[in-house]
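In: I would like the atomic coordinates for the input below:
(chains A, B, C and D)
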Protein chains: 4
Amino acid sequence: MTTPPDSLAHLNARLLQFARDRDWEQFHSPKNLAMALAGEAGELLEQFQWLTEAQSAQLTDKQRQAVAHELADILIYLIRLGERLDIDLIAAANEKMAINAQRYPIERVKGDARRAGEYDATSD
Amino acid sequence: MTTPPDSLAHLNARLLQFARDRDWEQFHSPKNLAMALAGEAGELLEQFQWLTEAQSAQLTDKQRQAVAHELADILIYLIRLGERLDIDLIAAANEKMAINAQRYPIERVKGDARRAGEYDATSD
Amino acid sequence: MTTPPDSLAHLNARLLQFARDRDWEQFHSPKNLAMALAGEAGELLEQFQWLTEAQSAQLTDKQRQAVAHELADILIYLIRLGERLDIDLIAAANEKMAINAQRYPIERVKGDARRAGEYDATSD
Amino acid sequence: MTTPPDSLAHLNARLLQFARDRDWEQFHSPKNLAMALAGEAGELLEQFQWLTEAQSAQLTDKQRQAVAHELADILIYLIRLGERLDIDLIAAANEKMAINAQRYPIERVKGDARRAGEYDATSD
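Out: Predicted structure coming up:
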C-alpha cells in the first residue's frame, strides 16, 4: 500500500513538467524566479492596498478569487525555486519555526508584534 | 489506518498555534500578512540582486542557507494568509495551473518566455 | 547668471560618480537595479507591516528616521535606473500624471479609491 | 527675480492637489502608500524578470516606455510618502549617501558589490 504523494511534491513534479514542455527551464534561474515571485507578491499587495484591515478580512467573492490566484502564483514560484536550488520547503519552514520559537518566547512577546531587530534593540 | 497529515495542513496547524500562543492573531489581518509576505520577498531579492543568473544557480552553502530561510518565511506567511482567508493553497495552485495551461499552449510559447499580456498584444 | 542645478540632476551626477569610484557600474544593469529598488521597497513595507494606518501616520522619531532612510534608498535606485535607461524621471511623472487625470476623472472617482482595472470592470 | 521651483517640490504640490480633488487623502495613509509603492516596484520587476542583464540594458522603445511609466509610478508614491511624513527626500538621500560613503570606502569595495552586512561578516 502506498501513501498518497504529498501535495507539494506532487505540484513540484507537475510544475517541472510544465516548464520542460515549454522549454522554459532556460529562463528559470533562481535569480529570475525570485524576481517573478516578488512580482506576484506585488500583485498581492495591490489587492489590499486601499482596503482597511477590516475590509481585507471581509473580501467579496470576486476579491477572494483574485487573492487566491495571487497566492497560487506565489506558491508556484516558491516551489520552482525549491526545485532549482534543491531546498526542501517544508524542512526549511520547520527549521525557521524552531528559530522563531527561540527568537520570540511567548512570555516576552505576547500581544506585542515587532520585528526581531526591534525587540533586540530595546531593553524591556 | 490513517494516512500521514499533509505537510501544508500540518504546518498550518502549528503556525496557527504559534500565533495564538503569542496573541498575534490580532496583527494578522490579510492586509498585514500580505505586507509581511512581500517584505520577505524583498529579502529574497536581496540575496540575488548582485549575482549573475549563473551565480544564482551555484550558491555557496551559506548563501543557500540564507535563501532557504527566506523561502521558509514566504511559505509561512502564505500559509497564514490561506488560513485567514479560508483559501486552499493547493486547490488554488491546481486551478491556476489549469489556467496557465490554456494561456500558454506548448506549441505557441515553446522556448519563449513572456508575460501573458505580451503574447496577447502581439500577432505571431 | 545660472539657475541652481535641479536637485534630481545634482543627485544623479553624484550617484554616478559614487558607482564609478567603486567600479560598480558593472553591477548596475537595469535588471539588477530594479531588484535592488524592489528590495528596498520590501524594507519600507517592513517598517509599516504591524502598524495600523493611524499609527503609520504618527511615527516616533526613530521610526520616521528609519522610513526616511528607506525612501532615500528607493530614490537612489530610481535615479540610477533613470540614468542607465536615459529616462527623465520628472518628464515620465508628468506624462503619467496626465494619463492618471484622464483615467480617474474627478466626477467619477471622488472619494472612491480603486485601481484602474476595477473601475473599468464595473458599471457605475 | 525668482528661481524656478525645484522639480520635486513642483510635482509634490501637483500630486497633493490631485489627491485632494478626488478626496483620496483619506486613503493615503503612509501604510497604504508604502503598499502602493511596493506594488509598483513589483510591476517594475515584471518588466525585467525574463530578460538577461544585457537585454535589460537594450530595451525596445515599447519596453522602455513601459519601464518609464513604472518609474513614474514609484516616484509619485515616493513623493506622496514624503509629503505625508514630512520627509525631505533630497535631504534624506544626501544623508544616506554620506552613510554609504562611510560604509563602502572605495579602497575596500572597489569592483566588489555585496550588501553591507556581507562585508561586515567577512574578514578581508
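In: tell me the contacts of A:Leu106?
Out: One correction, residue A:106 is Ile, not Leu. By C-beta atoms under 8 Å, 6 or more residues apart in numbering or on different chains, the residues touching A:Ile106 are B:Asp21, B:Arg22. The C-beta positions use only the backbone N, C-alpha and C, and glycine is treated the same way.
In: ok, it to chain D distance?
Out: A:Ile106 sits 27 Å away from chain D, going by C-beta to the nearest C-beta, to the nearest Å.
In: residue of chain A with the smallest distance to chain D?
Out: When C-beta to the nearest C-beta is the measure, chain A has its nearest residue to chain D at A:Gly42, with 1.5 Å between them.
In: so who does A:Lys96 touch?
Out: The contact partners of A:Lys96, by C-beta under 8 Å, 6+ apart, come to B:His69, B:Ala72, B:Asp73, B:Ile76.
In: Weed out the non-buried ones from these.
Out: Under a neighbour-count criterion of 16 or more other C-beta atoms under 10 Å in any protein chain shown, the subset of those counted as buried comprises B:His69, B:Ala72, B:Asp73, B:Ile76.
In: which one among those residues gets closest to B:Arg22?
Out: Closest approach between the buried ones among the contacts of A:Lys96 and B:Arg22, by C-beta to C-beta: B:Ile76, at 13.8 Å.
In: and that closest one, what element?
Out: Secondary structure assigned from DSSP states H and E places B:Ile76 in helix B:61-85.
In: what pLDDT, on average, does that helix get?
Out: Averaged across helix B:61-85, the pLDDT comes to 98.
In: Please see if that helix touches chain A.
Out: Yes - applying C-beta under 8 Å from any C-beta of the partner chain, one finds helix B:61-85 touching chain A at B:64, B:67-69, B:71-76, B:78, B:81-82, B:84-85.
In: Kindly tell me how buried the nearest residue to the residue of chain A closest to chain D once chain neighbours are set aside is, as a neighbour count.
Out: The spatial neighbour of A:Gly42 that comes closest, neighbours along the chain excluded (C-beta to C-beta, 6 or more residues apart in numbering or on different chains), is D:Gly42 at 1.5 Å. D:Gly42 has 27 neighbours, counted by other C-beta atoms under 10 Å in any protein chain shown.
In: dump the residue contacts of D:Gly42.
Out: Neighbour list for D:Gly42: A:Ala38, A:Gly39, A:Glu40, A:Ala41, A:Gly42, A:Glu43, A:Leu45, A:Glu46, B:Ala38, C:Ala38 [criterion: C-beta under 8 Å, 6+ apart].
In: Could you export the residues you listed as CSV, including secondary structure and pLDDT?
Out: As requested, these are exported to CSV (DSSP: H, G, I helix; E, B strand; the rest coil; pLDDT from 0 to 100):
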residue, secondary structure, pLDDT
A:Ala38, helix, 98
A:Gly39, helix, 98
A:Glu40, helix, 98
A:Ala41, helix, 98
A:Gly42, helix, 98
A:Glu43, helix, 98
A:Leu45, helix, 98
A:Glu46, helix, 98
B:Ala38, helix, 98
C:Ala38, helix, 98
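In: all helices of chain A, in order?
Out: A:7-21, A:30-48, A:53-56, A:61-85, A:89-103, A:106-109, A:116-120 (DSSP state H).
In: now, of these, which is deepest in the fold?
Out: Comparing those by mean neighbour count (mean count of other C-beta atoms under 10 Å in any protein chain shown), helix A:30-48 comes out on top with a mean of 26.
In: That one: how far from the chain's middle?
Out: Mean-position distance between helix A:30-48 and its chain equals 10 Å (C-alpha atoms, centre = their mean, to the nearest Å).
In: Quick check: which ranges of chain A have low pLDDT?
Out: Low-confidence segments of chain A, defined by pLDDT under 70, span residues A:1-5, A:115-117, A:119-124.
In: what does it put close to chain D?
Out: Residues of chain A found near chain D (C-beta under 8 Å from any C-beta) are A:27, A:32, A:35-36, A:38-43, A:45-46, A:48-50.
In: now with 6 Å?
Out: For chain A, the residues in contact with chain D under the definition C-beta under 6 Å from any C-beta of the partner chain are A:Phe27, A:Asn32, A:Met35, A:Ala36, A:Ala38, A:Gly39, A:Gly42, A:Leu45, A:Glu46, A:Gln49, A:Trp50.
In: Kindly provide the distance from the last one to C:Glu118.
Out: What it means is A:Trp50. 9 Å (C-beta to C-beta, to the nearest Å).
In: Over to the first one?
Out: Between A:Phe27 and C:Glu118 the distance is 31 Å, computed by C-beta to C-beta.
In: Kindly report the same for A:Glu46.
Out: With C-beta to C-beta as the criterion, A:Glu46 and C:Glu118 are 10 Å apart.
In: likewise A:Glu107?
Out: Shown here: A:Glu107 relative to C:Glu118, a distance of 45 Å by C-beta to C-beta.
In: One more: A:Glu83?
Out: For A:Glu83 relative to C:Glu118 (C-beta to C-beta), the value is 35 Å.
In: What parts of chain A come near chain C?
Out: Applying C-beta under 6 Å from any C-beta, one finds that chain A approaches chain C through A:Ala38, A:Trp50, A:Ala113.
In: For those, please prepare CSV with the additional fields distance to chain B.
Out: Output for the residues of chain A next to chain C, formatted as CSV (distance: C-beta to the nearest C-beta, whole Å):
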residue, distance to chain B
A:Ala38, 4
A:Trp50, 10
A:Ala113, 4
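In: B:Ala101: which of those residues is nearest?
Out: Distances from B:Ala101 to the residues of chain A next to chain C, taken as C-beta to C-beta, are shortest for A:Ala38 (24.0 Å).
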